[in-house]
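Visitor: A structural model of the following input is requested.
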Amino acid sequence: MADSAATRLTLTRPDDWHLHLRDGEAMKSVLAHTAARFARAIVMPNLKPPVTTVESAMAYRDRILAALPPGARFQPLMTLYLTDNTPPEEIRRARDCGFIHGIKLYPAGATTHSDAGVTDVARCTEALEAMERTGLPLLIHGETTDPGVDVFDRERVFLERVLAPLVERHPGLRVVLEHVTTGDAVDFVAGARPGVAATITAHHLLLNRNAMFEGGIRPHHFCLPVLKREKHRRALVAAATGGSPRFFLGTDSAPHSRVAKETACGCAGIYTAHAGIELYAEAFERAGALHRLEPFASFHGPEFYGLPRNAETLTLVKEPWDVPPQYALGTDVLVPLRGGGRVSWRLA
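Guide: Numbers count the residues shown, from 1 in each chain. Below you'll find the predicted structure:
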C-alpha cells in the first residue's frame, strides 16, 4: 500500500515472470540485482546451447542457486526451450520434476539466441498436446519472422497468423504472450478464452519508439519486440494498471555487453534488473495508479502459475538515485536503462 503522501510504497514481494540471466560469469554479475527485488523469476532458456531437457534445466538451476549472494532468498523457476523436435515425453518429465514451470516458444530467428527455435508450430503438435494434458504453459515470443513483414507489425501479424489459430486448435493450452508491445496484443489477450495471459515490461510502459532515435541511434533502447508508437505504449499502461489478472509483470531484463550493443549489428535487449521494480513504480505513478502496482507485480502472476503469493513484503521510497553509467558483466560491462541518469524510486 502507498502512504497518503505517496512517498513510501509497501507491497507483497513481487516476482519477475520473464527474465534473462545468461550463464557463467555474466550471470554472476547480474543475479544480485534480481534477487534483491524479486522472490522468484521465470528464467529464460535461450543459452548457447539452449536448455532443451530436464537435465540441462536442473544443471542451470544449480548454477543459479550456487551464484546467489549470501543470504539471498530467491527461487529460479526454470523453463525449457521448445524446438521442432521436442518429444512429448520431455514435457511430461518437465511437469513431474517440479522445478520447470513453462515451455518457451521462440520463432526461429526472432531474437537473441533463437536460431534453434520453432520453424513451424505444426511441427510441435505432439508437444503442445502434452502441455495441454500436463498444464505446463506455453510462453511465447510473439513475432513473425516473415522478412516481408515490417518490424513494427510483426507482433500484430503473429497474432493473426499463428497465435489465434493456435489458441483455437489447442483449447486446453495455457499461454503467456510475453512482453506484449501493442494495443492489438492487449485486445487479443483481454478478449481471449480463459488460460491466456501476458507479461508487460517496464521499458515498454515508459518508452515509445522515439526513444531509439533521440539525437541519433540509441542502441541501448533497442529490444525485440521493438518499441512501438505512443498509442501502443498508452494501451500497455491501461492494461497494466487496469486490474485485469490476465496481465502481470515480466521485466525481460536482458544483459548484453556494451560492445555487443554498440556495433554495426547490435543485439536486441534492454537491461532493467538494476531497477526491476522501481521502474514499474514510476510508470504506475505517472498513470496515477500506484494502488494497482501490487496486484500487477505480486498477485496476478502467482495466480496464473498456480503458486502461492509471497509472504514477505518489499518497500519502495520516493527518493531519486543516480544510476551508474555501466555495470560489470563478467569481464565486460553493460549499459543499463537510465545509465548515467536517475530513477525516482529506490528500495527502502
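Visitor: measure stretch 39-58 end to end?
Guide: 19 Å (C-alpha to C-alpha, to the nearest Å).
Visitor: so for it, what's the average pLDDT?
Guide: The average pLDDT within stretch 39-58 is 97.
Visitor: Which positions in it come out as buried?
Guide: 39-47, 50-54, 56-57 (16 or more other C-beta atoms under 10 Å). C-beta coordinates here come from the backbone N, C-alpha and C atoms, glycine included.
Visitor: Ok, stretch 119-138 next?
Guide: Neighbour-count burial for stretch 119-138, with 16+ other C-beta under 10 Å as criterion, is recorded at 121, 124, 127-132, 134, 136-138.
Visitor: what helix or strand is the closest residue to residue 328 other than its chain neighbours on?
Guide: Spatial nearest neighbour of residue 328, excluding adjacent residues (C-beta to C-beta, 6 or more residues apart in numbering): residue 29 at 4.9 Å. In this assignment (DSSP states H and E), residue 29 forms part of helix 24-35.
Visitor: what does residue 248 give?
Guide: strand 247-249.
Visitor: Please apply the same query to residue 130.
Guide: Assigned by DSSP H and E, residue 130 belongs to helix 125-134.
Visitor: And for stretch 119-128, what's in contact with it?
Guide: Contacts to stretch 119-128, defined as C-beta atoms under 8 Å, 6 or more residues apart in numbering, come from residues 82, 84-88, 90-91, 103, 105, 108, 118, 138, 162, 166, 170, 173.
Visitor: let's see it at 6 Å
Guide: 84, 86, 88, 91, 108, 118, 166, 170 (C-beta atoms under 6 Å, 6 or more residues apart in numbering).
Visitor: show me what contacts the last one?
Guide: Taking C-beta under 6 Å, 6+ apart as the contact definition, residue 170 lies against 128, 132.
Visitor: Also residue 129?
Guide: By C-beta under 6 Å, 6+ apart, the contact set of residue 129 is empty.
Visitor: how near is residue 90 to residue 172?
Guide: The gap separating residue 90 from residue 172 is 19 Å, by C-beta to C-beta, to the nearest Å.
Visitor: meant to ask about residue 185, not that
Guide: In this structure, residue 185 and residue 172 are 22 Å apart, going by C-beta to C-beta.
Visitor: more neighbours, these two?
Guide: It is residue 185, of residue 185 and residue 172, that has more neighbours when counted by other C-beta atoms under 10 Å, with 26 against 12.
Visitor: all helices of the stretch 101-250 of the chain, in order?
Guide: Under the criterion DSSP state H, counting those that start in this stretch, the stretch 101-250 of the chain carries helices at the ranges 125-134, 154-158, 164-169, 183-191, 202-206, 230-241.
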